[in-house]
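K.L.:
Give the three-dimensional model of this entry:
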Amino acid sequence: MHGGRGGPEGCRKFFAAHMSIRHVRCVMSVKGRRFRPRKDMMTLNVLALAAAIAHDQFGGSFLAVTLAVSSIGWLGFTASRNAVEYLFEKKSPTLFVIDMGHQLAVLIVMSVVIGLFGHISQIG
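P.N.:
As a prediction, this is how the structure comes out:
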């Protein structure tokens, strides 16, 4: 839903009138900011699952394993995919560094939250 424009159908009509059809995306509006809960929740769940599997295989601190998994995932998937995209579109290297720093920070925060919850559940 976008800003109370009549649900998903209203969102599609609003964006179709203002953007090309391939850019039509319905997003939720939270205090004027775009929020894509499905993408973030999918990343969170995949990260938690990958960290749990890696922790079962290698042991050690769950927080450290989660941070390692997110860093490797960021480097292998996010940074490499975006590097190709930025080179192909000839965007500024500074913009690439800023964007990748933001993506890494988001994954680090997710990792800390998952790692601390995993640590709490191991104690209890």
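K.L.:
So in this protein, which helix runs the longest?
P.N.:
For the chain, the helix reaching the highest residue count under DSSP state H is reported as helix 93-123.
K.L.:
Just the buried positions in it, please.
P.N.:
Under the neighbour-count criterion of 16 or more other CB atoms under 10 Å, helix 93-123 has 96, 99-100, 104, 107, 110-111, 114-115, 118 buried. Backbone N, C-alpha and C define where each C-beta goes, glycine included.
K.L.:
cool, and stretch 61-72?
P.N.:
Within stretch 61-72, the residues scored as buried using 16+ other CB under 10 Å are 62-63, 65-70.
K.L.:
so which of the residues you listed comes closest to residue 47?
P.N.:
residue 70 (5.8 Å; CB to CB).
K.L.:
in what helix or strand does the closest one lie?
P.N.:
helix 62-73 (DSSP states H and E).
K.L.:
From the rest of the structure, what touches that helix?
P.N.:
47-48, 50-51, 54-55, 58, 104, 107-108, 110-112, 114-116, 118-119, 122 (CB atoms under 8 Å, 6 or more residues apart in numbering).
K.L.:
what helices or strands is the longest helix of the chain leaning on?
P.N.:
Under the contact criterion of 3 or more CB pairs under 8 Å, 6 or more residues apart in numbering; DSSP states H and E, helix 93-123 touches helix 37-58, helix 62-73, helix 80-88.
K.L.:
Tabulate those helices (TSV), appending mean pLDDT.
P.N.:
Listed next are the helices and strands packed on helix 93-123 as TSV, based on pLDDT from 0 to 100:
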stretch	mean pLDDT
helix 37-58	83
helix 62-73	93
helix 80-88	91
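K.L.:
quick one, which of those helices is packed in tightest?
P.N.:
helix 62-73 (a mean of 19; mean count of other CB atoms under 10 Å).
K.L.:
tilt between it and helix 37-58?
P.N.:
If you take axes from the mean of the first three to the mean of the last three CA atoms, to 10 degrees, helix 62-73 sits at 120 degrees to helix 37-58.
K.L.:
How about the contacts made by residue 103?
P.N.:
Counting by CB under 8 Å, 6+ apart, residue 103 touches 74, 78-79, 82.
K.L.:
Whichever of those residues end up buried, select them in ChimeraX.
P.N.:
Here is the ChimeraX command that selects the buried residues among the contacts of residue 103 (16+ other CB under 10 Å):
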select :74,78,79
